[in-house]
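S.K.: After the sequence you'll find the predicted model.
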Amino acid sequence: MTSPVLFLFREDLRLKDNPALRAAIETAQPIMCLFVLDEETEGAWSAGGARKWWLHHSLKSLMADIEEVGASLTLKRGKAEDVVPKIVQEIGAKQVFWTRRYGPSQIEADKTLKEILKSRDIEVKSFNGRLLFEPWQFTTKTGGYYKVFTPFWKNLKANGDIRAAVAGIRKINGLPKESQHSVASLALEELDLRPSNPDWSKGFDPEWSPGEAGAKDRLKRFLDEAAEAYKDDRNRPDKPGTSGLSPHLHHGEISPIQIWHAVKERVAANEIPDDQADVFLSEIAWREFSYVLLYNKPDMIDEEINPKFKAFPWADMRSAKPDLTAWQKGQTGYPIVDAGMRQLWQTGWMHNRVRMIVGSFLVKHLLIDWRYGMEWFWDTLLDADIASNTASWQWIAGCGADAAPYFRIFNPMTQGEKFDPNGDYVRNYVTELANLPTKYLHTPWEAPKDVLKAGGVKLGVTYPNPIVDHKTARLRALDAYQETK
DNA sequence: TTTTGAGTTGTTCGA
DNA sequence: GTCGAACAACTCAAA
């Protein structure tokens, strides 16, 4: 007598090192693999435009991978609490397995679903397949959760026994089609995840390979080519110095466990210096830290962690709207800011150093509420992650846990000259400045008239004048922050 | 309970 | 050009 298991894929779109899937297989029961696109329950926090594009391709890849091991992926759309119990009943499943999620609305939704299923005598088993450790696992000696990164990181390194990756999957005993009764899968196209009218995703294709195989390649490339110089090169948007794993990691095409062990192996083989690897792994730990904050303080998704900032005099959006639009479109007149915002729009991703520069600019130079920045990133980033996105915006705004001191206001000229010294990054994305000499690339308004003319630049026509003066804006921001005292 | 040391990523100014 | 101090206090984590 068999009793099928229903496996729900969500933010764990992979077959390797997937503890929940592994456990489902170990029941030795036939498995039905299901993905439910549930935009209703997640509301404003459902996938933005860029992430939907990724999801489309990631699901396509996952479907092929699942078919290769002898099963299939059923696609549905609707509220999970309606769709899942119905399918459970139709196929006569006795167990449902999934990987845990940690966004406040996700926790709530999963709790509701679990209660519905339990009330019908269906067993639900959930697993950690997204994080190195559960967000409740590391506590301070006084019993609270960590609010400062460094002690958290030290504790993690000293006491964290990182589990081994679980065995890969060679075969899934898929529930035969005839046993799925009336449960028909939607076609991938019917989920309608790709943009049309206009299709703004053209720039994504050459940059990214969504899916488990793409994630594996990306990791290998990083370990082969960039990891050994990570410490310094990670700050250089003009170089391929970062891993670019964030969208893969967000969608669970690779786990932090796999990344951790892969890095450690290379260190053990003397292929990557320990200090370089340590800085990279600390970035993985930052992701964990963000989840610790989110789990313990779920209202951080739209409320300042530091309550003093609730009184901050943000710009009135009735008059600041043009500034926000200029920032979104990469038309602020500050080349490094504009390059970053255009990279985001074109490729669905922005270099981490530049994320800090554009974030600081929005919040401090323009005094625009960090939530507007967060929302824009949510819609445009392929790696938009509720924990990392909100924690990072609060960090740069100064209102977060362990945040940057308020007087730390990035100077877009200095940052550009320091981290894009030859101007390659700016030239790549702000093409109208490409023919300016490097000397004036980050400060075109300082270029002599003949230099501008020779470079084909007409300030205010082909490229905007700065929308705010740096010095004025800096002093204004320092003043505004006085209000939080 | 109190004390102590420390806290991702910066900028500006003046010597 | 280079260097160190100031920028503010405050909260956290551990002893």
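M.R.: Now that the structure is in, tell me what you want to look at. Just so we're clear, the structure is a prediction, and the values are computed from it rather than from any experiment.
S.K.: Assign a three-state SS to A:D17, would you?
M.R.: Reducing the assignment to helix, strand or coil with DSSP: H, G, I helix; E, B strand; the rest coil, the entry for A:D17 is coil.
S.K.: Now it: closest residue in space, sequence neighbours ignored.
M.R.: Spatially, and ignoring its direct neighbours in sequence, A:D17 is nearest to A:A165 (4.1 Å; C-beta to C-beta, 6 or more residues apart in numbering). Backbone N, C-alpha and C define where each C-beta goes, glycine included.
S.K.: Show the contacting residues for A:N352.
M.R.: A:N352 makes contact with A:234, A:242, according to C-beta atoms under 8 Å, 6 or more residues apart in numbering.
S.K.: Swap in 10 Å and give it another go.
M.R.: A:N352 makes contacts with A:234-235, A:237, A:241-242, A:246, A:283, A:392, as judged by C-beta atoms under 10 Å, 6 or more residues apart in numbering.
S.K.: what's the answer for A:Y463, then?
M.R.: A:331, A:333, A:335, A:338, A:430, A:432-433, A:436, A:444-445, A:452, A:455-457.
S.K.: On the three-state scheme, the most centrally placed residue in chain A is what?
M.R.: When chain A is reduced to its mean C-alpha position, the nearest residue by C-alpha atoms, centre = their mean turns out to be A:D383, at 2.9 Å. In terms of secondary structure, A:D383 is coil; the call rests on three-state DSSP.
S.K.: Contacts only, for it.
M.R.: Remark: with contacts taken as C-beta under 10 Å, 6+ apart, A:D383 is in contact with A:50-51, A:54, A:244-251, A:348-350, A:377, A:389.
S.K.: Looking at neighbours, which among these is most surrounded?
M.R.: For the contacts of A:D383, the largest neighbour count, defined by other C-beta atoms under 10 Å, is 30 neighbours, found at A:H248.
S.K.: so where's chain A shaky on pLDDT?
M.R.: By pLDDT under 70, the weakly predicted segments of chain A are A:1, A:181-182.
S.K.: isn't the residue nearest to A:D17 right up against A:E265?
M.R.: No. With contact defined as C-beta atoms under 10 Å, A:A165 does not count as touching A:E265 (11.3 Å).
S.K.: Next, count neighbours for the residue nearest to A:D17.
M.R.: One way to gauge burial is a neighbour count; for A:A165, by other C-beta under 10 Å, it gives 17.
S.K.: so what's it up against?
M.R.: Under the contact definition (C-beta under 10 Å, 6+ apart), the residues listed for A:A165 are A:16-19, A:22, A:255, A:257-258, A:260-262.
S.K.: what do you get for A:V363?
M.R.: A:312, A:314, A:369-370, A:372-373, A:393, A:396-399, A:409, A:477 are the contacts of A:V363 under C-beta under 10 Å, 6+ apart.
S.K.: what's the most distant pair in those residues?
M.R.: The distance between the two most remote of those (C-beta to C-beta) is 18.1 Å, for A:Y372 and A:I409.
S.K.: and stretch A:371-390, anywhere near DNA strand B?
M.R.: No. With C-beta under 7 Å from any atom of the strand as the threshold, stretch A:371-390 lies outside contact range of DNA strand B, at a closest distance of 9.2 Å.
S.K.: hmm, stretch A:331-343 in reach of DNA strand B?
M.R.: No. In terms of C-beta under 7 Å from any atom of the strand, no part of stretch A:331-343 sits within range of DNA strand B; the closest distance is 10.2 Å.
S.K.: Can you mark which positions in stretch A:186-197 are buried?
M.R.: A:188, A:191, A:193, A:195 (16 or more other C-beta atoms under 10 Å).
S.K.: burial count for A:S360?
M.R.: Residue neighbour count, defined by other C-beta under 10 Å, stands at 22 for A:S360.
S.K.: who's in contact with whichever residue of chain A sits closest to DNA strand B?
M.R.: Minimum separation of chain A from DNA strand B (C-beta to the nearest atom of the strand) falls at A:T150, amounting to 3.0 Å. Going by C-beta under 10 Å, 6+ apart, A:T150 touches A:282, A:289, A:402.
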